[in-house]
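Q: Generate a structure from the sequence data that follows.
(2 chains)
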2 protein chains.
Amino acid sequence: MNSAMPFRDPTTPGAPIIPRPDWDRAPWNRWTFQHVREMVPTTQVWRGLGPASPLPENLQDIDAIGFEVDGRSDTIGGFLQSSYADGMLVLHRGKVVAERYLNGMTPRTPHLSQSVAKSVVGTVAGILIGRGLVDPAAPVTHYLPELEATAYRGARVQHVLDMTSGVVFDETYTALDSHMAQMDVACGWKERMDPNWPGHVWELILSLKASECAHGASFRYRSIETDVLSFVLQRAAATPLAELVSRELWAPMGAQEDAYFTVDPAGYALGDGGFNATLRDYARFALLHLGGGVIDGRRIVPAAWIGETRTGARPDLFGGVYHEVLPEGAYHNQFWVEDSKRRAYMARGVFGQLIYIDPEAEFAAVILSSWPEFINVRRTRTALAAVRAIREALSR
Amino acid sequence: MNSAMPFRDPTTPGAPIIPRPDWDRAPWNRWTFQHVREMVPTTQVWRGLGPASPLPENLQDIDAIGFEVDGRSDTIGGFLQSSYADGMLVLHRGKVVAERYLNGMTPRTPHLSQSVAKSVVGTVAGILIGRGLVDPAAPVTHYLPELEATAYRGARVQHVLDMTSGVVFDETYTALDSHMAQMDVACGWKERMDPNWPGHVWELILSLKASECAHGASFRYRSIETDVLSFVLQRAAATPLAELVSRELWAPMGAQEDAYFTVDPAGYALGDGGFNATLRDYARFALLHLGGGVIDGRRIVPAAWIGETRTGARPDLFGGVYHEVLPEGAYHNQFWVEDSKRRAYMARGVFGQLIYIDPEAEFAAVILSSWPEFINVRRTRTALAAVRAIREALSR
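A: Here you go, the predicted structure:
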């Protein structure tokens, strides 16, 4: 399964039938992350009718660039071959300096980006905030009064933007009974085995009744907060999420291809991790952020919101296991901040998805992968070291 | 549910959660036929990069046109309101004379066309036959030796093109144990309740061991024959069906939007009924047929194959219940022939899908619907009477 499986032909003897409960796990994810719509229900994120925004090229050979991490030495070429990468694109000074496809991926292939979706939703939130449709200081119950009966009572929109609500949500990916296991079913990725589990994401949100600390006291990565945010945006704009992302972001930024979200059994597009797009369109998203909200001369995201995303993070709320990967890090507005003094920030997703955005260096890198593991600190540290090495080599 | 349900918002009290086993049935089909990708796994049929082929307009008011059927009188306006129509487009002398959307449908909405898919696959077969890749006189086992162990042994490609194999396939849509009920599961539209049932369409084909008469002796509508044909095409072209339809038909004919197929658990795009496209693109397909295989000056389908489809039908193999709707009819090359002397032919699908193609009158009509019933002779006769009345009015 390390090789490409471009054509699932059931008439080929021994051709694998992907087991439905495991479609998003190794080894199947090497194929399925490029074919999510063939596995689960999805909804279109239309690119609109306009031209694609340009991605000018200044291609360079980056394979020989060396880097060290945790006492090991490698090159970018070696990293690409050994890291379960499906695609990598590097932007420097507004141009594509590298664009690589592996494992059967092509420039037209939409790739599942897992929690990178959160940063896409966060950016749409920034757009609606700039327009005055959403107030980050307002309680989430201002938009969703239904949440008065949940632990989200009293939480502000900014709390879910920063994942600092005090709500109990067990994010453990591989447990059979965690909230994340319930999410796998609620979002439609897995069959519902226990009829008492929530049947869709909104029901899962409504089931969250327990608090672990005060809202705003500390950061904890809770995927569900992005879904709360998504429902706030849907309610405020009276528009379903996939249409919002199309209208506010994907079409105006000049995406080249349609994107799509997976949808849950109630029709909710999975804002916390169900987004699929091409490598080049993720790169356009990075270029938009490098441009401070402007791409191809068009302002899409308010400058104030991008600026606040870069500088407003609270490293004091960050810590614990999160320091293993980002010792100076923070989480803000649905982005990971590498180091709030350096103003580099990231969209990240399990199984090796990364959009690294460094405005000061006019540098960004997108890596799409299909790792065997949800989370792997060594692989994350390696990917970040590789990205930083490319940045340093280009800046010389 | 007769009104549009444009936004499935689970936060709206009382918002319906579409029951998974019934998604393709009434009343849900009023919404789901325009949102199939939100219900089941699908695969893209790419429109390509070229411009859409033009659909020039000569719009006319057709609502007042009257017609009679089975002793009742109606008008086209009345028909549109009472027939569960979602869209109707009429072509005359190369121009769009009417284009109507109802029930929330828009020009960009892909609509499930059920067995209209068969005629799309049949047309691709014609293209591959013209190129010498497929020989209609060859046994299906020439391409699919696996079928030696089935009742398809000895059947020719032309037999499945015409649905005249002698294979037993119970097409009953509403029975719980018919072959069609097994198809509902095998194609991925329904959950597998009985573990002994075939898990995907190829397994269903391999399970067909019984014959009811000699190959070629008579017509019987068997959806599975289109799937046998699809596997022949896939094997002959070494290309999956969705890509074949894109490369050979949808892209070269200048479709305006991507189309898509539903896919089964083994990745097979459902050739017999899983195709979704916009009203205008179905109209382009009709225009291509009106043009004898030429659209916008480009030949896409061999003239010989189109000509043979129009004139080569065998009404002597047709009969029984099929005469209720088409007393002079026949079935040939995956099209319904209205009257082999008149050379009008049709693509038809359950729940009210119709593409009516009358080359002599330079006339075509596309009707997409979401009837409450799979099959309804009265509704079919009414739709055909309406279409013929429009044709007569335009020809005056």
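
Q: Now do the SS call for the closest residue to chain B within the stretch 1-150 of chain A.
A: Per C-beta to the nearest C-beta, A:Arg8 is where the stretch 1-150 of chain A lies closest to chain B, at 3.0 Å. To be clear about C-beta, it is placed using only N, CA and C from the backbone, and glycine gets the same treatment. The three-state label given to A:Arg8 by DSSP: H, G, I helix; E, B strand; the rest coil is coil.

Q: Just confirm it contacts B:Gly267, I think it does.
A: Yes: if you go by C-beta atoms under 8 Å, A:Arg8 and B:Gly267 touch, sitting 3.0 Å apart.

Q: anything in contact with each of these two?
A: Residues touching both A:Arg8 and B:Gly267 by C-beta atoms under 8 Å, 6 or more residues apart in numbering or on different chains: A:Glu38, B:Pro240.

Q: Which one's more surrounded, these two?
A: Neighbour count, other C-beta atoms under 10 Å in any protein chain shown: between A:Arg8 and B:Gly267, B:Gly267 has more, with 26 against 21.

Q: Quick one: classify the more buried one as helix, strand or coil.
A: Here B:Gly267 takes the coil state, with states given by three-state DSSP.

Q: what about it, distance to chain A?
A: Distance from B:Gly267 to chain A, counting by C-beta to the nearest C-beta, to the nearest Å: 3 Å.

Q: Next, the contact list for the residue nearest in space to the middle of chain A, please.
A: Chain A has A:Val116 as the residue nearest its centroid, 0.6 Å off, counting by C-alpha atoms, centre = their mean. By C-beta under 8 Å, 6+ apart, the residues touching A:Val116 are A:Phe275, A:Tyr282, A:Ala347, A:Arg348, A:Gly349, A:Gln353, A:Leu354, A:Ile355.

Q: Quick check: nearest residue in space to the first one, chain neighbours excluded?
A: Ranked by C-beta to C-beta, 6 or more residues apart in numbering or on different chains and with sequence neighbours excluded, the top spatial neighbour of A:Phe275 is A:Ala117, at 3.6 Å.

Q: again with the third one
A: Counting by C-beta to C-beta, 6+ apart, A:Ala347 lies nearest to A:Ser119, which is 3.5 Å off, once chain neighbours are set aside.

Q: where does chain A have low pLDDT?
A: A:1-7, A:14 (pLDDT under 70).

Q: mind checking how far the residue of the stretch 51-200 of chain A found nearest chain B is from A:Asn276?
A: Closest contact between the stretch 51-200 of chain A and chain B, by C-beta to the nearest C-beta, is at A:His200 (5.6 Å). Distance of A:His200 to A:Asn276, computed by C-beta to C-beta, to the nearest Å: 20 Å.

Q: Look at the two and report which has more neighbours.
A: Neighbours were counted for A:His200 and for A:Asn276 using other C-beta under 10 Å; A:Asn276 has more, 24 against 20.

Q: can you tell me which residues contact the more buried one?
A: A:Val36, A:Arg37, A:Thr42, A:Pro110, A:His111, A:Leu112, A:Ser113, A:Ala259, A:Tyr260, A:Phe261, A:Thr262.

Q: what's the answer for A:Gly199, then?
A: By C-beta under 8 Å, 6+ apart, A:Gly199 lies in contact with A:Val185, A:Ala186, A:Arg192, A:Pro265, A:Ala266, B:Ile17.

Q: ok so the third one is a helix residue?
A: No: with three-state DSSP as the criterion, A:Arg192 is assigned coil and is not in a helix.

Q: quick one: it from B:Glu57, how far?
A: A:Arg192 sits 48 Å away from B:Glu57, going by C-beta to C-beta.

Q: who's more crowded, the two?
A: A count of neighbours by other C-beta under 10 Å puts A:Arg192 above the other of A:Arg192 and B:Glu57, at 17 against 11.

Q: Quick check, the more buried one in contact with A:Val185.
A: Yes: counting by C-beta under 8 Å, A:Arg192 does reach A:Val185; the two are 4.9 Å apart.

Q: Output the set of residues of the stretch 251-396 of chain A in proximity to chain B.
A: The stretch 251-396 of chain A comes close to chain B at residues A:Asp258, A:Val263, A:Asp264, A:Pro265, A:Ala266, A:Gly267, A:Tyr268, as judged by C-beta under 8 Å from any C-beta of the partner chain.

Q: If we use 10 Å, what do you get?
A: Contact residues, the stretch 251-396 of chain A versus chain B (C-beta under 10 Å from any C-beta of the partner chain): A:Glu257, A:Asp258, A:Tyr260, A:Phe261, A:Thr262, A:Val263, A:Asp264, A:Pro265, A:Ala266, A:Gly267, A:Tyr268, A:Ala269.
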